[in-house]
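Novice: Below is the sequence, then the predicted model.
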Amino acid sequence: MSYFSYQHGALYAEGVPLADIARQFGTPVYVYSKAAFSDHYAAYATACKANGRSERDALVCYSVKSNSNLAVLNLLAGLGSGFDIVSGGELQRVIAAGGDPRKVIFSGVGKSREEMRLALSHDILCFNVESIPELHRLNEVAGEMGRKARVSLRVNPNVDAKTHPYISTGLKENKFGIAFEDSLATYRVAADLKHIEVTGIDCHIGSQLLDDAPLLEALDKVIELIDQLATEGIVLDHLDIGGGIGITYADEKPVAVSDYLNRLFARIDAWRREKHGGAPIKVMFEPGRSISGNAGILLTEVQFLKHGADKNFAIVDAAMNDLMRPAMYEAFHDVRTVAQRGEEAKVYDVVGPVCESGDWLARQRTLAIAQGDLLAIMSAGAYGMTMASNYNTRGRAAEVMVDGDKAHLIRKRETPQELFALESIPR
Ligand SMILES: Cc1ncc(COP(=O)(O)O)c(C=O)c1O
Ligand SMILES: N[C@@H](CCCC[NH3+])C(=O)O
């Protein structure tokens, strides 16, 4: 289903014309489709039901970093989602949005003592621990609080995710996780710590994966390790395979979530039957982009057109501070005109007003546009607003959630006063 589509030559978000949203809330503005978020979450939830009848012991922990607006988290919490967080700030967002901390898993390589304390005080489901020093710190903090921390170790299966090097995380050379060959020894350390309860294993090999083969390869390695651990008396109750499923930005054809989950559950079921007499294991996922990426767009207005000898530029009011992905990864985002009109089409680079040559949103796009036109930068729901900055003292964009024929403002545009409110001039 298309959540952003043309009706009589005008681009809509669900039942609302994007031109109306620009008039009402200004630009640049992120626009999300509530139905898209719900449907993308449902793809996971439905595939987690065994034989379409009973629920499996499975938990989808939406990756908050991909889009962390409270309205988004509240919507997903209402659908039963858990959350994958990477900071104390994200935990506070989840709680503020009405999410259940007992469905929260805490990933990340550099958790501070304060973050650990906060997470323990809310009794989160599990810490995904990424190193031995982190294990010791967590053990200390939990001891000070008179608690036990539930822990899974993030192992690095050394599988090539075949994605952009900046978003690949499962190789030896990446900073994430515990090297596969060190994982047994690290589990032994964890099992001996008084304030640590070893409950699971997790891995996350990278993002924007189009094929599930590397994920299934990682699963096989993880399964092998779980069996090895069991022989030592370290019995795990869950397996977390991470996020990573990609989306269509241009013409990519990512594996369908349902196909991937069906293949994954088939392997897990076969392994449990063969080795464990059918004893179930809880399976967890940490999807971000596949839920939020194509649930949002960035709506921007053309300020000026500049026609040069070599290049034409469409200078828009959104910039790299609003959507960093093109500057950071040379990422492709489709650009659509909000009104289909009869201008002569030309090839443009779509650029922002920020003082950096790297401030571009799209390159070499054939567009029929005039000054004042609206453009939709597509597939911007994941790692868009959450990676936005205030560079050039630009207030971050507003955010709007569309639900059928209603548009709700879910984050106001930042004002310059808000940007320097925390600063002071020494006397
Ligand atoms: C540990 C962890 N889990 C989950 C995610 C979400 O990944 P994706 O948005 O590719 O599903 C990420 C980001 O790559 C991550 O680092
Ligand atoms: N921010 C990246 C994904 C990073 C995933 C975090 N581990 C992107 O926009 O594609």
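Specialist: Here it is on my side, so go on. Ligands and ions are numbered 1, 2, ... in the order given.
Novice: can I see the domain layout of this protein?
Specialist: 4-32+293-420, 34-291 (automatic domain parsing).
Novice: mind putting those domains in TSV, mean pLDDT, mean neighbour count and distance to ligand 1 included?
Specialist: Where you see a C-beta, it was placed from the backbone N, CA and C, and this is true even at glycine. What follows is these, written out as TSV (pLDDT from 0 to 100; neighbours: other CB atoms under 10 Å; distance: least, CB to the nearest ligand atom, whole Å):
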stretch	mean pLDDT	mean neighbour count	distance to ligand 1
domain 4-32+293-420	97	18	6
domain 34-291	94	19	3
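Novice: Now render the ones you listed as a markdown table, adding distance to ligand 2.
Specialist: Formatted as a markdown table, those follow (distance: least, CB to the nearest ligand atom, whole Å):
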| stretch | distance to ligand 2 |
| --- | --- |
| domain 4-32+293-420 | 3 |
| domain 34-291 | 4 |
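Novice: Columns distance to Arg427 on top of these, output as JSON lines?
Specialist: Formatted as JSON lines, these follow (distance: least, CB to CB, whole Å):
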{"stretch": "domain 4-32+293-420", "distance to Arg427": "17"}
{"stretch": "domain 34-291", "distance to Arg427": "31"}
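Novice: Pro426: which of those domains is closest?
Specialist: Among those, domain 4-32+293-420 comes nearest to Pro426, with 14.7 Å by CB to CB.
Novice: can you give me the helices for the stretch 301-427 of the chain?
Specialist: Using DSSP state H, counting those that start in this stretch, the helices of the stretch 301-427 of the chain run over 325-329, 416-420.
Novice: Adding distance to Phe265, write those helices out as CSV.
Specialist: CSV is the format used below for the helices of the stretch 301-427 of the chain (distance: least, CB to CB, whole Å):
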stretch, distance to Phe265
helix 325-329, 32
helix 416-420, 47
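Novice: can you pull the contacts of Leu209?
Specialist: 161-163, 215, 244-246, 254-255 (CB atoms under 8 Å, 6 or more residues apart in numbering).
Novice: Redo the residues you listed as TSV? Include secondary structure.
Specialist: As requested, the contacts of Leu209 are exported to TSV (DSSP: H, G, I helix; E, B strand; the rest coil):
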residue	secondary structure
Ala161	coil
Lys162	coil
Thr163	coil
Leu215	helix
Gly244	coil
Ile245	strand
Gly246	coil
Pro254	coil
Val255	coil
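Novice: Pick out whichever of these sits closest to Cys48.
Specialist: Cys48 lies nearest to Ile245 out of the contacts of Leu209, by CB to CB, at 14.1 Å.
Novice: Quick check: chain neighbours aside, which residue is closest to the closest one?
Specialist: In space, and not counting its chain neighbours, Ile245 is closest to Ser290: 4.2 Å by CB to CB, 6 or more residues apart in numbering.
Novice: My guess is the one you found contacts Gly243. True?
Specialist: Yes: counting by CB atoms under 8 Å, Gly243 is a contact partner of Ser290 at 7.3 Å.
Novice: So Ala19, which state does it fall into?
Specialist: Per three-state DSSP, the local secondary structure of Ala19 is helix.
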